[in-house]
Structure formats: structure tokens, C-alpha cells
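Peer 1: Structure here, sequence nowhere to be found:
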């Protein structure tokens, strides 16, 4: 009895875990809408494959802000492209939440999708700086500029102490271990 309920619970868990990646991968907005909307800085672009060319026109895309209610109130741009892919873009879009609607030239709506614009990316400029004329100053981070006799003697003592410590360590290591 215990084994069968354990197998049933683990079987249900495995079934749920195997379905989860497919449920997460399915984007409801992309499944319903025939358009794809993307943003880069303050530019919003839309692409679709749903429209056909009627009398030299693919259709129109409209960008609506939160205060606009219908297609005619938004910023309208004509679609351009080929039989395989049509696109439109808006530049200089301020930060906020927008709705993109695409209406093909035959009057059908290709899709509607919301998009969030975070605003323009900050522009950074690099300026050239002069390089040091005397090279890199080592030691105390360049804080010491006058190398007096005391500084040189102190450095020599440190180097000598390091050498003596290394010799003592190596000599002690080469002797056999005694109890």
C-alpha cells in the first residue's frame, strides 16, 4: 500500500515536471498575436508575416500610449517589407507602456501587443588622458619620491632577511627527520 501511493505521487510529480517546460515556453501573447514587438533604447519596432500587398501597401502599424483608446489616435507608420516579412519602427519613444496594433491593407488586424519602453540608453564618451612621463612608480604607490640612504638600506635589509629565511628553510628541509 505504501509503495503504490509513493509511486503514484512520484509519477504525478514526474508528469507535472515534464509538462512544465512546455507550458513555460508557450508565450500567450505570441500565440494569439501575429506580430512580434521589440524595443532597443527609445526605438520600438514591430514585425509580422500576416499581411499581403494590396495596391502597393502592406498595411499600417499604430503605437498607442496609455491615454489613447483606438488605432486612429496612435502614432501611425506604414509597413514596409516583402512577402515573407513586413516591419515598422518608431524612434524617439519616451519611457512608458504602449500598445502596438497592426492592421493589414485588406482591413484585417494582424495582431495587438503591449510593450514597455525603458527610455533612451545613456551615451558615454571616452576622453584621452596623458600618460605618465617617468613610467610607473612602484613601491609605496608613488608616495615616496626621494630615495634616501635610509630607504635603500631598509630595502636591502628586507631582501637579505628574505634570502636568509629561504636558505634556513631549505637547509632544514634537507635534513632527515629525527625524533
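Peer 2: Received the coordinates, thanks. Remember, predicted model here, so these are calculated numbers, not experimental data. Numbers count the residues shown, from 1 in each chain.
Peer 1: ok, and the helix or strand in the protein with the lowest average confidence?
Peer 2: Sorted by mean pLDDT, DSSP states H and E, the helices and strands of the chain end with helix 28-32, the least confident at a mean of 41.
Peer 1: quick one, helices of this protein?
Peer 2: 2-25, 28-32, 149-174 (DSSP state H).
Peer 1: For these, which has the smallest mean pLDDT value?
Peer 2: Mean pLDDT is lowest for helix 28-32 among the helices of the chain, at a mean of 41.
Peer 1: What are the buried residues along stretch 72-90?
Peer 2: 74, 76-77, 79, 86-90 (16 or more other C-beta atoms under 10 Å). In short, each C-beta sits where N, CA and C put it, glycine included.
Peer 1: how close does residue 61 get to residue 94?
Peer 2: Distance of residue 61 to residue 94, computed by C-beta to C-beta, to the nearest Å: 18 Å.
Peer 1: out of those two, which sits in the more crowded spot?
Peer 2: Set side by side, residue 61 and residue 94 show more neighbours around residue 61, with 31 against 10, by other C-beta atoms under 10 Å.
Peer 1: Which residue, neighbours along the chain excluded, lies closest to that one?
Peer 2: Distance criterion C-beta to C-beta, 6 or more residues apart in numbering; nearest residue to residue 61, sequence neighbours excluded, is residue 88 at 4.0 Å.
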